[in-house]
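In: everything below, folded, please.
(one chain, ligands or ions: 1)
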Amino acid sequence: MRALMQDRPLLLAGLIEHAGRYHAATEIVSRQADGSLHRQGYAATASRARRLARALGRLGLRPGETAGSLAFNHFRHVELFYAVSGSGAVLHTANPRLPPEQVLYTMQHAEDRLLFVDLHCLDLAEALWLKLPALRGVVVMATRGEMPADRLPGALCCEELLAAEDDGYDWPSFDENAASVICYTSGTTGQPKGVVYSHRASMLQAYSIASNNGFALSAQDCALPVASMYHVNGWSMPYAAAMVGCKLVLPGRQLEAPALLDLIRGEGVGIALGVPTIFLSLLEHLRLNGGDLKPLARIACGGAAPPRAMMEQLWREHGVRTIHAWGMTETTGGVTFFLPRGNDRLDDFDLIELQGRPAYGTELAIVDEAGRLLPWDGKSVGEVRARGNFIAAGYRGLPAFADGWLPTGDVGCLTPDGTLKLTDRAKDVIKSGGEWISSIALENAAVGHPAVAEAGVIAVAHPKWQERPLLVAVKAAGAQIDKAELLAYLAQRMPHWWLPDDIVFVEALPHTATGKIQKSELRRHFAAYRLPEPG
Ligand code: AMP
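Out: Numbering: from 1, shown residues only. This next block holds a predicted model:
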């Protein structure tokens, strides 16, 4: 029997139309290139997205074709998300923090026909656009007065394009499985790989993170996504915020602690979303300068394992709850979340530091090196696999994943109730005498010491154990600590055989384009390093 329900595809443009109608005055606040704040409601955003969709048609962007963006988090990027995908074309959110040759590679690979560039990314656009013969035009996301005088000759002004259109535009209807956005993984080995999202997958991800088991978003919230819009669609916040009608505060390019604190205080941010580095730097700033995080009430943190000490400090000193989430570019965002049950305490950090359990829509499995399923016993460690409604089936131009599961490249175990506990990236594991040592656990334990700002652990060759851990640490500003003190601190918290064989203090650690410690670079740097002789 066929159901007698209306058949309406899950298309992303419907979100901004909904927000424009029912949350018309709720603001999107954006930090602009000159530092000033720009404000506009969802009604204006929906109207501008429609005008931009008309302009895209006039520029010859056809359904299924790709437009690239080189831009940070601000209202014009939100409008582009809706205008491009909503008109049936595909947005390639290029990552401006990748090396230029990799950005170029992704633009060629995604076959970008138009390029939208904000004022922060002009240098990069200038370096690349002449190498992209398939480009039909470059649009600068700025007012006429802000247009660069003698750069990018022939580039169009986004605000002039909008001014020339009216907002009468009917979003087309099409298959919800059509591509909406292409985002490239920040591959540290080899070229980046293209993940192609669908309208349906992003819509289901938005429902998931908006739900109480996700980030619990509502029309009463004010959210600050520090996660970049060129990285997994800003964790889908441009979609989820429109879905629930929450106020959106977008930091532009200014991600330093004072600028973020200014937004939190000035705009009444209740939830901020980002990688641990962001919140570590906020806490470090408060340690040196005093002050508090009010009115921030919770953070959604993932992208790397949040150190327990950071989460405890946020809770005990500032009353800020961490919603710990795990996901990746290939999963359209969050897959597992800290999902407290009736008896679970919100300050049970033994639980919160685990990666959490899947919200509805995904399944996880752990497999050994031969691909055999491992038991959910909290001990059997192997590679994590994922499948579900918003998980990639393969990469652009490459064969689909075998047997329908995404091989995540993450290593960990599942507890009997299905909680994910990650220990490493597959390529970062340290295998000592055949047993695994968790670099994540060691790094986070080290950062628990107040004098340590950041720590990265890599494997170095060892004649007897094959590999042993080397800890590379950055001291907190003005703090004093030496190797013996840090080792003694770790010895109280880690199994004895996990303790690093050496600790090296450095000025700074290398980071990837998405703010994670770049282990490959760290390994390269310490390639000639030899462990000290046991004394
Ligand atoms: P990306 O595709 O750049 O978002 O990176 C995804 C990877 O980040 C995952 O495969 C993990 O290795 C890591 N990651 C994300 N969230 C977490 C988390 N909560 N804990 C530990 N690692 C994480």
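
In: three-state assignment of the closest residue to residue 186 other than its chain neighbours?
Out: The spatial neighbour of residue 186 that comes closest, neighbours along the chain excluded (Cβ to Cβ, 6 or more residues apart in numbering), is residue 513 at 4.7 Å. For glycine as for every other residue, the C-beta is placed from the backbone atoms N, C-alpha and C. Counting by DSSP: H, G, I helix; E, B strand; the rest coil, the backbone at residue 513 sits in coil.

In: OK, contacts around residue 513?
Out: By Cβ atoms under 8 Å, 6 or more residues apart in numbering, residue 513 lies in contact with 95, 97, 98, 186.

In: repeat that with 10 Å
Out: Residues counted as contacts of residue 513 (Cβ atoms under 10 Å, 6 or more residues apart in numbering) are 95-99, 102-103, 184, 186-188, 192, 228, 230-231.

In: now, those that are in helices?
Out: Among those, DSSP state H puts 102, 103 in helices.

In: now, among the contacts of residue 513, which is nearest to residue 379?
Out: Of all those, residue 379 sits closest to residue 188, with 29.3 Å by Cβ to Cβ.

In: if I look at the residue nearest to residue 227 when sequence neighbours are not counted, how far off is residue 439?
Out: Nearest residue to residue 227, sequence neighbours excluded (Cβ to Cβ, 6+ apart): residue 235, at 4.4 Å. Distance, residue 235 to residue 439, by Cβ to Cβ, to the nearest Å: 24 Å.

In: residue ranges with poor pLDDT in the stretch 101-250 of the chain?
Out: Applying pLDDT under 70 to the stretch 101-250 of the chain picks out residues 187-189.

In: now the helices for it?
Out: 122-128, 158-163, 199-210, 232-235, 237-244 (DSSP state H, counting those that start in this stretch).

In: got the residues of the protein near the ligand?
Out: 185-186, 232, 302-305, 324, 326, 328-329, 355, 408, 410, 422, 425, 514 (Cβ under 6 Å from any ligand atom).

In: would you map the strands across the stretch 301-450 of the chain?
Out: Assigned by DSSP state E, counting those that start in this stretch, the strands in the stretch 301-450 of the chain fall at 321-328, 333-337, 357-358, 362-367, 382-388, 406-414, 420-425, 430-432, 435-437.

In: including distance to residue 284 and mean pLDDT, could those go into CSV?
Out: Below are those laid out as CSV (distance: least, Cβ to Cβ, whole Å; pLDDT from 0 to 100):
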stretch, distance to residue 284, mean pLDDT
strand 321-328, 17, 97
strand 333-337, 26, 97
strand 357-358, 31, 96
strand 362-367, 34, 98
strand 382-388, 31, 97
strand 406-414, 28, 96
strand 420-425, 25, 92
strand 430-432, 28, 85
strand 435-437, 27, 81
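
In: quick one, which of those gets closest to residue 160.
Out: strand 333-337 (34.1 Å).

In: helices and strands around the closest one, which ones?
Out: helix 199-210, helix 232-235, helix 237-244, strand 321-328, strand 357-358, strand 362-367, strand 382-388, strand 420-425 (3 or more Cβ pairs under 10 Å, 6 or more residues apart in numbering; DSSP states H and E).

In: could these go into JSON lines alongside mean neighbour count?
Out: Shown next, in JSON lines, are the helices and strands packed on strand 333-337 (neighbours: other Cβ atoms under 10 Å):
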{"stretch": "helix 199-210", "mean neighbour count": "25"}
{"stretch": "helix 232-235", "mean neighbour count": "28"}
{"stretch": "helix 237-244", "mean neighbour count": "28"}
{"stretch": "strand 321-328", "mean neighbour count": "23"}
{"stretch": "strand 357-358", "mean neighbour count": "20"}
{"stretch": "strand 362-367", "mean neighbour count": "19"}
{"stretch": "strand 382-388", "mean neighbour count": "22"}
{"stretch": "strand 420-425", "mean neighbour count": "20"}
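
In: out of these, which comes closest to residue 156?
Out: helix 237-244 (23.0 Å).

In: from the chain's centre, how far out does the closest one sit?
Out: Between the centre of helix 237-244 and the centre of its host chain there is 16 Å, according to Cα atoms, centre = their mean, to the nearest Å.

In: cool, stretch 338-346 as well?
Out: 25 Å.

In: what do you get for stretch 115-135?
Out: Taking Cα atoms, centre = their mean, one finds the center of stretch 115-135 at 23 Å from the center of the full chain.

In: can you give me the end-to-end distance of that stretch?
Out: Stretch 115-135 has its terminal residues 7 Å apart, counting by Cα to Cα, to the nearest Å.

In: for the helices of the stretch 101-250 of the chain, which one sits closest to residue 298?
Out: Of all the helices of the stretch 101-250 of the chain, helix 199-210 sits nearest to residue 298, with 12.9 Å by Cβ to Cβ.

In: may I have the closest one exported as CSV, CA atoms only?
Out: Output of helix 199-210 as CSV, limited to C-alpha atoms (Å, rounded to 0.1, in the frame of the first residue of the first chain):
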residue,chain,number,x,y,z
HIS,A,199,20.7,18.0,0.6
ARG,A,200,19.1,15.0,2.4
ALA,A,201,22.3,14.1,4.4
SER,A,202,22.8,17.7,5.6
MET,A,203,19.2,18.1,6.5
LEU,A,204,19.3,14.9,8.6
GLN,A,205,22.5,16.0,10.2
ALA,A,206,20.9,19.3,11.0
TYR,A,207,17.9,17.6,12.7
SER,A,208,20.4,15.4,14.6
ILE,A,209,22.5,18.2,16.0
ALA,A,210,19.5,20.4,16.8
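
In: and it with helix 237-244, angle?
Out: Using axes from the mean of the first three to the mean of the last three Cα atoms, to 10 degrees, the inter-axis angle of helix 199-210 relative to helix 237-244 is 70 degrees.

In: chain center to helix 199-210: distance?
Out: On Cα atoms, centre = their mean, the centre of helix 199-210 falls 15 Å from the chain's centre.

In: where along the stretch 401-535 of the chain do the helices fall?
Out: According to DSSP H, counting those that start in this stretch, the helices that the stretch 401-535 of the chain contains are 439-447, 483-491, 519-525.

In: could I get those as JSON lines with mean pLDDT and mean neighbour count?
Out: Converted to JSON lines, these look like this (pLDDT from 0 to 100; neighbours: other Cβ atoms under 10 Å):
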{"stretch": "helix 439-447", "mean pLDDT": "92", "mean neighbour count": "23"}
{"stretch": "helix 483-491", "mean pLDDT": "95", "mean neighbour count": "15"}
{"stretch": "helix 519-525", "mean pLDDT": "91", "mean neighbour count": "16"}
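
In: any chance of those in JSON lines, with distance to residue 61 too?
Out: Formatted as JSON lines, the helices of the stretch 401-535 of the chain follow (distance: least, Cβ to Cβ, whole Å):
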{"stretch": "helix 439-447", "distance to residue 61": "43"}
{"stretch": "helix 483-491", "distance to residue 61": "55"}
{"stretch": "helix 519-525", "distance to residue 61": "37"}
